[in-house]
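**Q** 3D, please:
(2 chains)
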Amino acid sequence: MKSKADKKNLTRRLAEIVGDDAVLTDEQELVVYECDAYTLQKNLPTAVVLPKSAREVAAIVRLCAELGLPIIPRGAGTSLSGAVLAVDGGVMIALTRMNRVLNVDPRNRRALVEAGCVNAWITRDAEKYGLFYAPDPSSQPACTIGGNIATNSGGPHTLKNGVTTNHVLGYEMVLPDGTVEWLGVEPDGGEEVGGYDLRGAGIGSEGMFGVVTRVLVRLTKTPPAFKTFLGVFDSVDQASQAVSDIIAAGIVPAALEMMDQLITQALEEAYQFGFPLDAGAVLIVELDGLAKGVEQQAKRVDEICRQNNASEVRLAKDATERAALWKCRKRAFGAIGRLSPNYVTQDGVVPRSKLPEIMRFIRSVSEKYELRIPNVFHAGDGNIHPLILYDERDPAQVTRALQAGDDILGKCIELGGSVTGEHGIGAEKIDFMSRQFSVDDLDAMQQLRRVFDPEKRCNPHKMFPGAKRCAEFAQKKQVAA
Amino acid sequence: MTLKPRTISELQKLLPRSRGVDAVSLDAVADLIEHVPGDMTATVQAGMRLADFQTRLAKAGQWLPVDPPNPETVTLGGLLAANLNGPRRFGCGTIRDWLIGLAVVLPDGRLIRNGGRVVKNVAGFDLCRLFVGARDTLGIVVEASFKLLPLPEAETRLAKPCESLGQAGELLDKIWASGLQPTVLDLHRIAGGPHTLVVGFAGPSADVEAQSGTANALGFAEGASLDYDASFRRVSPHFTAVAPGNLVSTLRTLNGESYVARAGNGVIYHASAESPQLPSPDLQKRVKEMFDPEGVLPG
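**A** Model prediction:
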């Protein structure tokens, strides 16, 4: 926005579409939207607008196309990679007022929801039919389904159930030129759709292809039987070997999660679940399915844990204890606030068989930079989440924390993995893209982007090398370099 | 024109010089690059036949959970290009659900990679999904990485010939509402025979046994074959897709025509099926223009 007059004009025209109460342009109001859960970079959008319908979204997007303004779609702002950062201003379209579950269709095992619908609300409305929505990111009580599409979100149960792209059948998207398209399976349609899989191409596109407004998700039958174990081990290596042995036995648990000692101690202090404080690693193994098969596999898992010197294998005694355990696990990041004033949550992936190697590497990084790095991760998927603790009041620590993250993600690439399993590239990991992909690989991605957004106005300055940064962050990176 | 490159780099040289290629045969590019049983992943060149790939994986007790017709002749490239699947689709999903990485030669000769060899990965846009079902019109897949599953400990299939479509529909509703978790849920009527429901169960032997017992009580008999799928679809590859809840009412309109239906997915294969309207035609056209502006590959 060049002038105050321009901004006033924008405000007026947005208000004509959505009403005065759905447009925010005062700095004090905009500050809420200056970043998401990734806080190393911050910038104010020019305006935030809160539409109530796809029609309003389309009108806003057309106005932005006319004025040549960037648009930034935003759900609940739980992104950990700066995916919804307004790097260079622009109109932020927050979907939080479009949050209804429109229809649960048990006969077709589907639900139609608005993009701002909170992930956990789908299961809440579907469970009376014995159905649930499978992807369960830890932020599921807050994060929205539209945001889940943007990052192709996972969660602890992706080992068996898959991620967002495996469970979103179709969705409505307002393209950056204001046209509205339904991509994939229609609410009353069959599962086979002709032409290119534009639905699949758009999932994980980090809000760069358009604004998702309605979503058709697949619902899954709730398994009748669960068994959830807590395996207590002296070391991460022993727990990792148990993971490998479970897989080698032909068992695919619903979830296989590991937590190291620093995490279990923090969790114990915060939630008093009853974790052992002296254990090097705790493994959560959840089996689900039909009763007899789960029973049969549970015996095997118990044996495997004991063969790998588990000092204790505890079975959640009922649904309440199981729920308490998962609540605890999913709030692990929150508990870290007790250990450190600040932390960066990293998200890397290695082949499952390389877990012991990457964990040893993280320990060496922790020693090298003199920073504590607790680990809580999806062991079954090889998806690690080292939490690098630092104090932002000490600039040298900020620098070391950034370097530590850099080293760990570099090692993930070296081991044949990826720099992100579920959080996305966003503004945070742009520099890694050219380390993980060739120039041609990145060009092909840009070709796909141009199909949807030839002007590169939709959530710009993300994912690709050469993107603009927030001024303040450029300085921090310089210190780090 | 059919291209028959001996190597990937030869394909990279051939493609940009060609126009209107009808097909690419990758018979010479057919190696298993890697199978890591502990990671439950494998990377394979696109010319390998599906059945050969499955044989290699089975040595470590694993498989790629898709079952399209004619696995002895279908290559992995062909499987991906046409998004092929079979009766186990209800329980196993489609190849889009198992693909984790691709190497593709684009029409201009560039070799690109997308995704990777790890089971969870959201770095960059997902071109993998786009290339599945693209029928070789955007680029030629030369290598693919997949997530795998352990081979089920036990597997069985049961069938029940029904007296009428109405009876089949009622039974289908019963199965849908029951605790059964079939991997196959098919309904077919071939050459004037009865409307026949087929269910399949796979997994731990205790579960398979228990579920078979429940199916027996509903009138299903063990020992059903899935051979109908390949033989029928060889002559009737076209399909009508409807929401699963509208399956029976749609089948009524077929007036006695033979069909094979994926009852859990709402896909009905039958001879008179008309090709569905292409959704989002403008976007579809832009994709093709963006990846193959010179028309090297089939339209």
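
**Q** okay, whichever residue of the stretch 1-150 of chain A sits closest to chain B: pLDDT?
**A** With CB to the nearest CB, the shortest gap between the stretch 1-150 of chain A and chain B falls at A:Arg107, namely 4.0 Å. Using the backbone N, CA and C atoms, a C-beta is placed for each residue, glycine as well. pLDDT for A:Arg107: 93.

**Q** again with the one 4 residues further on
**A** Among the per-residue scores, A:Ala111 shows a pLDDT of 98.

**Q** Flag every residue of the stretch 1-150 of chain A that's near chain B.
**A** A:105, A:107-110 (CB under 8 Å from any CB of the partner chain).

**Q** List the ones among the residues you listed that fall in helices.
**A** Among these, DSSP state H puts none in helices.

**Q** And the furthest pair within those?
**A** A:Arg107 and A:Arg110 (8.9 Å; CB to CB).

**Q** how near is A:Ala266 to A:Phe333?
**A** Per CB to CB, to the nearest Å, A:Ala266 is found 10 Å from A:Phe333.

**Q** Check the chain and tell me which residue is nearest its centre.
**A** Unless you meant another one, I'm taking chain A. The residue lying closest to the centre of chain A (CA atoms, centre = their mean) is A:His423, at 4.0 Å.

**Q** oops, chain B please
**A** B:Asn85 (2.0 Å).

**Q** pLDDT wise, what is the closest residue to that one other than its chain neighbours at?
**A** Excluding the flanking residues, the one nearest B:Asn85 by CB to CB, 6 or more residues apart in numbering or on different chains is B:Thr94, at 4.9 Å. pLDDT recorded at B:Thr94 is 97.

**Q** Check A:Glu321 too.
**A** 89.

**Q** Shouldn't it be within a helix?
**A** Yes. The assignment for A:Glu321 by DSSP: H, G, I helix; E, B strand; the rest coil puts it in a helix.

**Q** Tell me the spacing between the residue nearest to it when sequence neighbours are not counted and A:Leu315.
**A** Spatial nearest neighbour of A:Glu321, excluding adjacent residues (CB to CB, 6+ apart): A:Thr228 at 8.0 Å. A:Thr228 is 7 Å from A:Leu315, where distance means CB to CB.

**Q** How about B:Lys285?
**A** 57 Å.

**Q** Which residue is it, in the stretch 151-299 of chain B, that comes closest to chain A?
**A** Residue of the stretch 151-299 of chain B nearest chain A, by CB to the nearest CB: B:Ala241 (2.5 Å).

**Q** doesn't that residue fall inside a helix?
**A** No. Read with three-state DSSP, B:Ala241 is strand and lies in no helix.

**Q** OK, contacts around it?
**A** A:189-193, B:266-268, B:276 (CB atoms under 8 Å, 6 or more residues apart in numbering or on different chains).

**Q** Could you rerun that using 10 Å?
**A** A:185-186, A:189-194, B:250, B:262, B:265-268, B:273, B:276 (CB atoms under 10 Å, 6 or more residues apart in numbering or on different chains).

**Q** just A:Asp288 next, same as before
**A** Contacts for A:Asp288 (CB under 10 Å, 6+ apart) come out as A:157, A:160-161, A:222-228, A:253-255, A:294, A:297.

**Q** if you look at these, which of them are in strands?
**A** A:225-228, A:255 (DSSP state E).

**Q** which among the residues you listed gets closest to chain B?
**A** A:Ala225 (9.8 Å).

**Q** Retrieve the pLDDT associated with the closest one.
**A** Per the predicted model, pLDDT is 94 at A:Ala225.

**Q** That one pairs with what?
**A** Per DSSP bridges, the residues bridged to A:Ala225 are A:Gly289.

**Q** Surely it and A:Ala319 touch.
**A** No. If you go by CB atoms under 10 Å, A:Ala225 and A:Ala319 don't touch, sitting 11.2 Å apart.

**Q** between those two, who's got more neighbours?
**A** Per other CB atoms under 10 Å in any protein chain shown, whichever of A:Ala225 and A:Ala319 has more neighbours is A:Ala225, with 15 against 10.

**Q** quick check, A:Pro51 in a helix?
**A** No. Per three-state DSSP, A:Pro51 lies outside any helix segment and is coil.

**Q** so how many other residues sit close to it?
**A** For A:Pro51, using other CB under 10 Å, the count is 27.

**Q** show me the contacts for A:Leu85.
**A** Counted by CB under 10 Å, 6+ apart, A:Leu85 has contacts A:33-36, A:38-43, A:45, A:72, A:74, A:77, A:79, A:92, A:426-428, A:459, A:461-462, A:469-470, A:473.

**Q** and it, what element?
**A** Per DSSP states H and E: A:Leu85 is located in neither a helix nor a strand.

**Q** That one and B:Arg19, how far apart?
**A** Separation of A:Leu85 from B:Arg19 (CB to CB): 44 Å.

**Q** where does the stretch 351-481 of chain A have low pLDDT?
**A** A:471-481 (pLDDT under 70).

**Q** Please enumerate the strands of it.
**A** A:376-378, A:383-384, A:387-390 (DSSP state E, counting those that start in this stretch).

**Q** Show me the one of those that comes nearest chain B.
**A** Closest approach to chain B among those (CB to the nearest CB): strand A:383-384, 4.8 Å.

**Q** The closest one - contacts with which helices or strands?
**A** For strand A:383-384, the packing partners by 3 or more CB pairs under 10 Å, 6 or more residues apart in numbering or on different chains; DSSP states H and E come out as strand A:348-349, helix A:355-369, strand A:376-378, helix A:395-414.

**Q** ranking those by burial, who's on top?
**A** With neighbours defined as mean count of other CB atoms under 10 Å in any protein chain shown, those peak in mean count at strand A:348-349, which reaches a mean of 31.

**Q** circling back: buried subset of the contacts of A:Leu85, written for ChimeraX?
**A** The buried residues among the contacts of A:Leu85 can be selected in ChimeraX (16 or more other CB atoms under 10 Å in any protein chain shown) with this line:
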select /A:33,34,35,36,38,40,41,42,43,45,72,74,77,79,92,426,427,428,459,461,462,469,470,473
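
**Q** okay, the helices and strands packed on strand A:383-384 in a markdown table with distance to chain B next?
**A** Output for these, formatted as a markdown table (distance: least, CB to the nearest CB, whole Å):
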| stretch | distance to chain B |
| --- | --- |
| strand A:348-349 | 5 |
| helix A:355-369 | 10 |
| strand A:376-378 | 7 |
| helix A:395-414 | 9 |
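
**Q** among these, which is nearest B:Leu197?
**A** strand A:376-378 (38.5 Å).
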